[in-house]
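[1] need a structure here:
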Amino acid sequence: MKPPKVVFVCQECGAQAPKWAGRCNECGAWNSMVEERVSQEPTAAAAAGNRYSQFGAAGSAKLYADVETTNATRLSSGINEFDRVLGGGIVPGSLVLLGGEPGIGKSTLLLQAAAHFANSVGPVLYASGEESEHQIKSRGDRLGVGAAPLYLLSETCIERILEEIARLKPALVIIDSVQTVFSIKFQSAPGSIGQVREAATQFLFAAKGQNIPTVLVGHVTKDGNLAGPKALEHVVDTVLYFEGERHHSHRVVRAIKNRFGAVSELGVFEMTGSGLRPVANPSRLFLSERASGTPGSAVLCCVEGSRPILVEVQALVSTSTYGNARRMAIGIDQNRLSLLLAVLEKRAGLSLAGDDVYVNIAGGMSIEEPAADLSVVAAVASSVRNRGLSPSTAVFGEVGLSGEIRGIPQAPLRIREAVQMGFTRVVLPAANLDPSESKDCELVGVRTVGEALDQLIA
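    Below is the predicted model of the structure:
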C-alpha cells in the first residue's frame, strides 16, 4: 500500500503546493499553507460521484426541447421571513449555506424552522458537531419546540451522518456546522480546506440524489466572509448571511446567492426571550425611535431585494479639535461618504474641510445601494446648518460627481412604502418623477444637489 501523499494547501484560497511556502503563490496570503495528507485510494468524492450518477443525474445528453420541467412545490419552513429570503420556501433537493458571526442566532433560527417544518412537512434530522443533544433540547424547551418529529444527532463524522440520513429518510437535514464535520478518508483536521470541500460535496450528492433539502451552517472569518474555500459558495444552491449588531434586538438574513429566487432579498427578525420573531413591517421598527425635526436626520426609502424599507440616516458635523478632521461611517461605505462630502464642498459650497463628520444608519442596518446618497447629503447639510428636515419628508436619489441627481430603480415601490408609513412629501430625482404617483403625497423632483438642499432645508 502506498503511503499517503503529502500536499500543502492554502487555507484562504485552496491552492495546493508540493512543499511549504511562507506565502501562497495564488492569493498572496501569508502563513496560510497547511500540510494535508491525501490517501491514494479513490476519494470519497469520487465514490460519491459514482453513487450520484446512479440516481439519474448523469447520463447521455438531451435536446433542450425534449427536457421536461416540473414545478416542484416549495416547502414552507413555517417562518415567513425565512421563506421570503429563500425565494418563497425551501426547494426539495436544494443545498443552503447559512453563515454568520458566533452567537448571532443561526442555531436558534434553524431550530425554530426545524420544529415548524417537522410538524407541517415531515421528520427533520438536526446534526450538530458543536452541541450535545441535551444542550439542543434545553434551547428547544426555551423556544417551545414541543413534541415534533425532530431527530437530534451529536456527530462530526460525515459517514455516520450520511448513514443516519439513509436510515431515517428525513424531509429536511440541518448540519451545524460544516466546519466541524470530517471524513475518515482524510487525515487533515476538521475545518481544513480538504475537509470542508469534502463535506460540501458529500452533502450535495446526498441532497440531490435523495431529493432531501439540506442546510449547512458556516462560520465566518474576522472579515465577515464565510470561512473555508470560496468553492464552498459555488457548490451550494443558496448562500445566506445572518447579520445584526449584538446590542440591537433585530437580526437580518440576507440572500447573497440564490439559484431559485432573487438575490439581495432580506428577512428581518427580532430577538426575544422566546427566540427569533419575524418582523412584518421593518420600516416601523427602524423608525420607531426617530426624533422628528432634529438637525442631522433624514429618512431614506431604500429597497432590499423586493422589499422597500424606510430607515433613518443620522449625521453629526462638529468642529475638529485637533486640526485633523475625522470621517466615520457606520452602515454605509466610508469611501462613498468621502465622495459625497467632496461633492458638497465643490458643488454646494459647504465648508467641511475642518469639521469632523459622523454618519450612521440608525438601527444597525447596512445600506449599499447608491439611492442612499441624497439622504446622506441631506443629513450632513442639515447638521451643518443646524436646521431639521420636515418630519413628513422622505428622500432618495443617487448623487453624481458633477452634483447631478441621477435616477434610481423601483421609485414607485419606494413612494408607496413612504405613503403607507404616513409621509406626505418625497424628494426624489427628477428622472423618477411620475405624476400618476402623486395622488397621495407631494413629489418634488430635483436635478442638482443645490436644488435638493433648497427644497429640503428652508
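
[2] Please list all residues in contact with the spatially closest residue to residue 211 that is not a sequence neighbour.
    Closest residue to residue 211 apart from its sequence neighbours, by C-beta to C-beta, 6 or more residues apart in numbering: residue 93 at 4.4 Å. All C-beta spots, glycine's among them, are computed from the backbone N, C-alpha and C. If a contact means C-beta atoms under 8 Å, 6 or more residues apart in numbering, then residue 93 has 72, 207-208, 210-213 as its contacts.

[3] do residue 316 as well
    296, 356-358, 383.

[4] what's across from it in the sheet?
    Note on residue 316: beta-bridge partners by DSSP bridges are residue 358.

[5] returning to that earlier point: max pairwise distance over the contacts of residue 93: which two?
    72 and 210 (14.3 Å; C-beta to C-beta).

[6] for the helix ranked longest in the chain, packing partners?
    Ranked by residue count, the top helix of the chain under DSSP state H comes out as helix 193-210. Where contact means 3 or more C-beta pairs under 8 Å, 6 or more residues apart in numbering; DSSP states H and E, helix 193-210 is packed against strand 5-10, strand 33-38, helix 44-53, strand 95-100, helix 158-168, strand 172-176, strand 214-218, helix 231-235.

[7] Considering these, which stretch scores lowest in mean pLDDT?
    Lowest mean pLDDT of the helices and strands packed on helix 193-210: helix 44-53, a mean of 46.

[8] Next secondary structure after the lowest-mean-pLDDT helix or strand in the chain?
    Least confident element among the helices and strands of the chain, by mean pLDDT, DSSP states H and E: helix 44-53 (a mean of 46). Next along the chain after helix 44-53, taking DSSP states H and E as the criterion, comes helix 80-86.

[9] can you give me the end-to-end distance of stretch 97-108?
    15 Å (C-alpha to C-alpha, to the nearest Å).

[10] Pull the residues that contact that stretch.
    Here stretch 97-108 has contacts from 109-110, 128, 131, 139, 143, 176, 178, 215-220, 224, 226, 232-233, 236, 238-244, 246, 251, 253, 269, 271, 275-276, using C-beta under 8 Å, 6+ apart.

[11] residues in contact with residue 391?
    292-293.

[12] can you give me phi and psi for it?
    phi -60, psi -20 (degrees, to the nearest 10).

[13] Could you pull out the buried residues of the helix or strand harbouring residue 270?
    Residue 270 belongs to strand 266-272 when assigned by DSSP H and E. For strand 266-272, burial by neighbour count (16 or more other C-beta atoms under 10 Å) applies to 266-269, 271.

[14] partners of it, with directions?
    In the sheet, strand 266-272 lines up with strand 250-258 (antiparallel), strand 275-278 (antiparallel) (DSSP bridges).

[15] Tabulate the CA atom coordinates of it in CSV.
    Extracted in CSV, the C-alpha atoms of strand 266-272 (Å, rounded to 0.1, in the frame of the first residue of the first chain):
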residue,chain,number,x,y,z
LEU,A,266,-33.9,40.5,3.0
GLY,A,267,-35.7,39.0,6.1
VAL,A,268,-35.9,40.9,9.3
PHE,A,269,-36.2,39.2,12.8
GLU,A,270,-36.4,40.5,16.3
MET,A,271,-34.5,38.6,19.0
THR,A,272,-36.7,37.9,22.0
